[in-house]
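Asks: The sequence isn't on hand, but the structure is:
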C-alpha cells in the first residue's frame, strides 16, 4: 500500500476535567464534572449515557471545539492547550452523526480534506482518496467523482469515516457515527469498523447513547450520568457483571446477563470433545466408547470428519456396522466466531442440549452445551479463565 | 403615427445606448457587490452590526430614485458619479441580505465538521461557506442586476441613462418608434442578462444540479 507509515496510536488522558455552562447551576445539560480517565493507545473507549450527560462535551474538549472550565486533557502526556489548535485538530480524526460532508465537494475531495489542508502533493492526495474509499468498502471508480447528495445514508457514513482517517491520525473522535442509519446498515457498519480497527489500532473515543453499541464497540466503556459524572469506567464485561451503582445497573438493563453472552464467542469456551464414530465403524466398539461419556449421544461423521447426525447411546445396534439410517437430525452447527448469545439462541430454538462446533472446512471440532454457556454466565469476569477450564468437566 | 423606419436608420445610436446602458449597470452591480461583500464579512465577524447595516441599506432602498438623484445633483453635479452613487445604493440591501442568507444557510454540522478537522476560520469561510452560499448570492445578483437595468433608465433625467436617453428623446420629439425601440431593447437586455447569470450560477454550483436542482 502507498499509505504513509502509520503513526503509533496515542494515549488520551482526562485529568479532573470540568466544564460548566452556568457558574451557579452544576447540572446544566452537557456539563462535565471532574472527569478523570485514561484511554490507552490503540483502544476504543466508548462514552455512553443518557442525553445531557456530557459525553459529547467530553469528546469535543479533546479537539478543542469546547474548552474545559478547569482540568487538563493530555495526548501522550502533552497538555492539548499548549498545541496550536488547527494543528491539533488535523491530527485527530473527527466523525459526527450528521456526517457533515461538504455538499459542494465530490466524495474524493471530501475524503482528502485534511491532507489538502496539510498541503500533501496532489498525486499523493489522489492516491490516498482511492485507497481510503476502497478501505471503507466503496468502489473508488464509481464513487470518487460523485457528490454527497448522490449517496445513500450508509455510504455517506462510510465516507465520513474515510475522511476522518485520511491523514492517518493516531486518534479518532466519533460522535454517534452510526446513529443516522437504519439498524441493519448500522450493524454492518459497526462490524466493518471493528474489522478495520483490528488493522488500524487507533485510539478511539466513541460517543453513543446506546448501551448495546457501547458494549459491542468498546474495549473500555465509560458510563456517564447526568451532571457529567463518571458513573463507571471499565471493560464491558466488568460493567455488565458488576455495575458500580443502581444507575449503571438500570442503564445497562435487566438483560445484562444476556448482554454479557454477546461479548464472548464459542471459541472462548473450552470445547467439549464429542464421542464420534465414522460410518462403517464397528457398532460394538462405538457402543463401548459412548457408554463412558457423560453426554449420552454418539456423533456420526463422514470420512472427512464432517458431522452427519446424532445417535442415541442406547440406540446403537449391538453388532454390525454404523449406517447413516440410524442417525437423528443434527443440532445447529456453530463455529468459533459465533457469539454465545447467538449460540444459546440457536440451541434453544432447535430445542437441543448441544451444538456442534465445526472448523472452516466443516469438520467437527467439538460440542458446546447449554449447560456450558449457563456456567459461563454464572462466573464473574475475573473467573473467566477458570470458568472456561471448568466447562470441560460440565 | 409611429415612424418605424426610424429604427433601421438609427441602429448605431441604439447600439451605442445599449453599450452605455450595459456599462452603467456593470459598474453599479460590481461596485455594489464589492461593497456588499465587504459589509457582509464585517457582519459575519460581528453579528451585532447586521441590524444597523441592513437598516441603513433599507433606508437607502426606500428613497424614491428621482428624489435621490435630485438630492445628489447639488453635490456631484449631472455626472456619471451621481448616477452610480444612486444605482449602487439600491443594490446594497438586496445583495447584503442575500449574501448573509447564503452564509447562514450552511448547515451547523458542516461548519462543525470543517472546524473540527482543522480549517482556519478564513479557510472555512473561503473554501466552505462562500461556495455553499453561491446559489443565494447568485439569486441576489440576478435581482440586483435586473433592478439596476430598470433604474438606469431614470438616470436619463440627469444626463446619463443609456437606453433611457433614447426613450426620453423619443418622448420629447414625439418619436414613438424610439420609445418602443428603447423599451424593447431594455427588456431584452434584462432577460438576456438574467439568463446569463442563471447559467453562470449553474456552472458554478455543479453539486446543486447533482441533487436535481436547487
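Replies: On my side now, so go ahead. As the structure is a prediction and not an experimental result, all values here were calculated from the model. Numbering: from 1, shown residues only, chains lettered A, B, ... in the order given.

Asks: C-alpha only now, for contacts and for neighbours.
Replies: Fine.

Asks: Pull out the buried residues from stretch A:51-67.
Replies: Under the neighbour-count criterion of 16 or more other CA atoms under 10 Å in any protein chain shown, stretch A:51-67 has A:52-64, A:67 buried.

Asks: now the end-to-end length of it.
Replies: End-to-end distance for stretch A:51-67: 20 Å, by CA to CA, to the nearest Å.

Asks: Please compute how far that stretch lies from its chain's middle.
Replies: Computed by CA atoms, centre = their mean, to the nearest Å, the chain-centroid distance of stretch A:51-67 equals 23 Å.

Asks: ok, then the element right after the helix or strand harbouring residue B:90?
Replies: Assigned by DSSP states H and E, residue B:90 belongs to helix B:80-104. As assigned by DSSP H and E, the chain's next helix or strand after helix B:80-104 is helix B:108-116.

Asks: So is that next one next to chain A?
Replies: Yes - contact of helix B:108-116 with chain A (CA under 8 Å from any CA of the partner chain) involves B:109, B:110, B:111, B:112, B:113, B:115, B:116.

Asks: Can you give me the distance of residue A:316 to residue A:162?
Replies: In terms of CA to CA, residue A:316 sits 59 Å off from residue A:162.

Asks: what do you get for residue A:209?
Replies: According to CA to CA, residue A:209 and residue A:162 sit 23 Å apart.

Asks: Between those two, tell me which one has more neighbours.
Replies: residue A:162 (27 against 20; other CA atoms under 10 Å in any protein chain shown).

Asks: coming back round to it: of the residues of helix B:108-116 next to chain A, keep whichever come out buried.
Replies: Judged by 16+ other CA under 10 Å, buried ones among the residues of helix B:108-116 next to chain A: B:109, B:110, B:111, B:113, B:115, B:116.

Asks: ok so, going back, could you export the residues of helix B:108-116 next to chain A to TSV, including columns for distance to residue A:200 and pLDDT?
Replies: Shown next, in TSV, are the residues of helix B:108-116 next to chain A (distance: CA to CA, whole Å; pLDDT from 0 to 100):
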residue	distance to residue A:200	pLDDT
B:109	26	92
B:110	26	95
B:111	28	94
B:112	25	94
B:113	22	95
B:115	25	95
B:116	21	95
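
Asks: got any ranges where the chain has weak pLDDT?
Replies: As the question left the chain open, I've gone with chain A. Along chain A, the model assigns pLDDT under 70 to residues A:1-8, A:23-27, A:379-394.

Asks: that's the wrong chain, I wanted chain B
Replies: B:211-214.

Asks: Spatially nearest residue to residue A:326, not counting backbone neighbours?
Replies: residue A:311 (6.5 Å; CA to CA, 6 or more residues apart in numbering or on different chains).

Asks: Number of residues surrounding that neighbour?
Replies: Residue A:311 has 24 nearby residues by other CA under 10 Å.

Asks: Find the helix or strand that it is a member of.
Replies: Residue A:311 belongs to strand A:307-312, assigned by DSSP H and E.

Asks: for that strand, packing partners?
Replies: strand A:297-301 (3 or more CA pairs under 8 Å, 6 or more residues apart in numbering or on different chains; DSSP states H and E).

Asks: Can you name the residue of the stretch 201-350 of chain A nearest to chain B?
Replies: residue A:205 (14.4 Å; CA to the nearest CA).

Asks: what sits against that residue?
Replies: A:44, A:45, A:46, A:47, A:59, A:171, A:172, A:173, A:174 (CA atoms under 8 Å, 6 or more residues apart in numbering or on different chains).

Asks: Surely it forms part of a helix?
Replies: No - per DSSP: H, G, I helix; E, B strand; the rest coil, residue A:205 lies outside any helix segment and is strand.

Asks: where does the stretch 1-150 of chain A come near chain B, residue by residue?
Replies: Contact residues (CA under 8 Å from any CA) of the stretch 1-150 of chain A with chain B: A:63, A:65, A:85-90, A:92-96, A:98-105, A:113-114, A:117, A:147, A:149-150.

Asks: give me the number of residues near the single nearest residue of the stretch 101-250 of chain A relative to chain B?
Replies: Residue nearest to chain B within the stretch 101-250 of chain A: residue A:104 (5.3 Å; CA to the nearest CA). By other CA under 10 Å, 22 other residues sit near residue A:104.

Asks: I'd guessed it sits against residue B:205; true?
Replies: Yes - judged on CA atoms under 8 Å, residue A:104 makes contact with residue B:205 at a distance of 7.3 Å.

Asks: Tell me the buried residues in stretch A:11-25?
Replies: So, applying 16+ other CA under 10 Å, buried residues of stretch A:11-25: A:11, A:12, A:13, A:14, A:15, A:16, A:17, A:18, A:19, A:20.

Asks: can you list the domain ranges for chain A.
Replies: A:12-256, A:266-390 (automatic domain parsing).

Asks: which residues touch residue B:110?
Replies: So residue B:110 contacts A:100, A:101, A:102 (CA under 8 Å, 6+ apart).

Asks: Distance check, it against residue A:95.
Replies: The value you get for residue B:110 to residue A:95, if CA to CA is used, is 11 Å.

Asks: ditto for residue A:125
Replies: From residue A:125 over to residue A:95 (counting by CA to CA), the distance is 20 Å.

Asks: what about these two, which has more around it?
Replies: Per other CA under 10 Å, whichever of residue A:125 and residue A:95 has more neighbours is residue A:95, with 29 against 22.

Asks: Residue A:66 is in contact with residue A:56, isn't it?
Replies: No - between residue A:66 and residue A:56 there is no contact under CA under 8 Å: 9.9 Å.

Asks: Any chance you could list what contacts the top helix by length along chain A?
Replies: Longest helix in chain A, counting residues (DSSP state H): helix A:183-200. Applying CA under 8 Å, 6+ apart, the external contacts of helix A:183-200 come out as A:136, A:154, A:158, A:178, A:179, A:217.

Asks: for stretch B:20-34, same thing?
Replies: B:84, B:87-89, B:91-92, B:95, B:141, B:144-145, B:148-149, B:152, B:161-163.
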